[in-house]
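# Return a 3D structure for these sequence lines:
(one chain, ligands or ions: 1)
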Amino acid sequence: MFFCHGGIAVIYTMTLNPALDYVMQPNTLDMGFTNRSQAEELHCGGNGINVSTLLNELDMVTVAMGIVAGFTGDYLLSDLQKQGIPSNFVKLDSGFTRINVKLDGIVMTMVNGMGPRIPEKKVDELLRRMDVVGSGDTLVLTGSIPNSLPEDIYTRLMQQLAGRGIQFVVDAPGQLLMEAIKAHPFLIKPNNHEVGRIFNATPETPEECIPFAQKLQENGARNVIVSCGGSGSLLLDEYGETHIVPSVKIHLVNATGAGDSMVGGFLAKTTQGFDYETALIYASACGTATAASKGIAKRTTIDRVVGALYKKMGRKMPAAIAEEIKANHAKAEIREKDWLGTKHAHEKEDK
Ligand SMILES: O=P(O)(O)OC[C@@]1(O)O[C@H](CO)[C@@H](O)[C@@H]1O
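As a prediction, this is how the structure comes out:
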């Protein structure tokens, strides 16, 4: 699907290694034996696609970009189309987009695929397609990369687009992140475990992450969010201010995509002109809402968590966000009435 952004700021996401997330629920995980799953789900994933899914849910203008291959890639594209998310993916001539297995048993265990081999000419095609990204737009570079791509691919993408007034966001593991922050991205969002691996430490809480966030900033990142799961999250902003948001208690369903939802939530609110503190609170709510959902969170869940978070923090919700929640609520009620009306009409016809 193609698009024209005529004056509207677009949030592009780049997923170089997308995936179908196959979530299984085995009661046992006995190595060397057949384990049986009690339920399965299939979600289109890969970090950038998750960010776009969340942004689309919030009615933000987003375009998902990246590289797909094979029947799994076709499925992914048709799902994006079904959700109404514009996409611009380079298609490989061989291989297939990976299927990542998430074993949601006693302890969540994941086996992520390596991804297809990407020939140099396809990288060139992708670099050419990046020309659609323009001034005022945001480009989110996120997730691992297939190992046929060079470690500096994110830096190359940012260098190609430098000087065009584009805001870059990088959420990538280890060396990929350290390489990319040299290009001074607007935002990076590692979690506390990733920060720990980079600096050979074990920070658990947002407070313990502050010195590491400072180091990441010294290395080039402008705003650094560190998510710390149930301990909350930290933002060290570009003015040197630290913001800490606690977490709210939820029934954990599946945390896959929670970090991506934080990135989406933060960008939604900064793009709408909210301050960093408000954007962090909203981002945390989006991450929590996804952890409490099957797949990426829906707006009704996000709205509920936003309310719970402001209550826990003893803060008054900004009027604009309260208004937005009220309007969403009204829309959801109208949709529900429409749905019930249609259902009753069909039932009458059937009689
Ligand atoms: O293998 P990567 O690229 O590091 O991570 C990919 C992945 O685990 O991250 C997303 C959640 O953030 C999932 O949708 C996807 O399967």
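# which residues does the closest residue to the ligand within the stretch 1-150 of the chain bridge with?
Closest approach between the stretch 1-150 of the chain and the ligand, counting by Cβ to the nearest ligand atom: Gly45, at 2.6 Å. Quick note: C-beta positions are derived from backbone N, CA and C, even for glycine. For Gly45, the beta-bridge partners are Ala19 (DSSP bridges).
# My read is that it contacts Val23, right?
No: the criterion here is Cβ atoms under 8 Å, and Gly45 misses it with Val23 at 9.7 Å.
# Which of those two has more residues huddled nearby?
Counted by other Cβ atoms under 10 Å, Gly45 and Val23 do not tie: Gly45 has more neighbours, with 28 against 23.
# Pull up the gap between the more buried one and Gly307, please.
Distance check for Gly45 against Gly307: by Cβ to Cβ, to the nearest Å, it reads 28 Å.
# Then Asn56?
22 Å.
# Show me what from the stretch 251-351 of the chain comes close to the ligand.
Proximity of the stretch 251-351 of the chain to the ligand (Cβ under 6 Å from any ligand atom) is limited to residues 256-257, 259-260.
# For those residues, could you give me CSV that also reports neighbour count, pLDDT and secondary structure?
Shown next, in CSV, are these (neighbours: other Cβ atoms under 10 Å; pLDDT from 0 to 100; DSSP: H, G, I helix; E, B strand; the rest coil):
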residue, neighbour count, pLDDT, secondary structure
Thr256, 22, 93, coil
Gly257, 27, 96, coil
Gly259, 26, 97, helix
Asp260, 30, 98, helix
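# Next to the ligand, which bits of this structure? Give me the list.
So far as Cβ under 6 Å from any ligand atom goes, the chain lies against the ligand at 17, 19, 21, 45-47, 50, 100, 112, 143-144, 173, 256-257, 259-260.
# Out of those, the closest to Met313 would be?
For the residues of the chain next to the ligand, the residue nearest Met313 by Cβ to Cβ is Gly259; the value is 20.9 Å.
# OK, contacts around that closest one?
Applying Cβ atoms under 8 Å, 6 or more residues apart in numbering, we find Gly259 in contact with 47, 171, 189, 191, 227, 287.
# Roughly how far does it sit from Ala291?
According to Cβ to Cβ, Gly259 stands 10 Å off from Ala291.
# In the chain, which helix is the longest?
Longest helix in the chain, counting residues (DSSP state H): helix 319-350.
# Quick one: distance of it to the chain centre.
When C-alpha coordinates are averaged (Cα atoms, centre = their mean, to the nearest Å), helix 319-350 and its chain have centres 27 Å apart.
# Show residues contacting stretch 46-53.
Counting by Cβ under 8 Å, 6+ apart, 11, 13-15, 17-19, 44, 62-66, 76, 80, 83, 85, 140-143, 171, 257, 259-261, 263-264, 267, 295-296 sit against stretch 46-53.
# one more time with 6 Å
13-15, 18-19, 62, 64, 85, 140, 142-143, 257, 260, 263-264, 296 (Cβ atoms under 6 Å, 6 or more residues apart in numbering).
# Thank you kindly, that will do.
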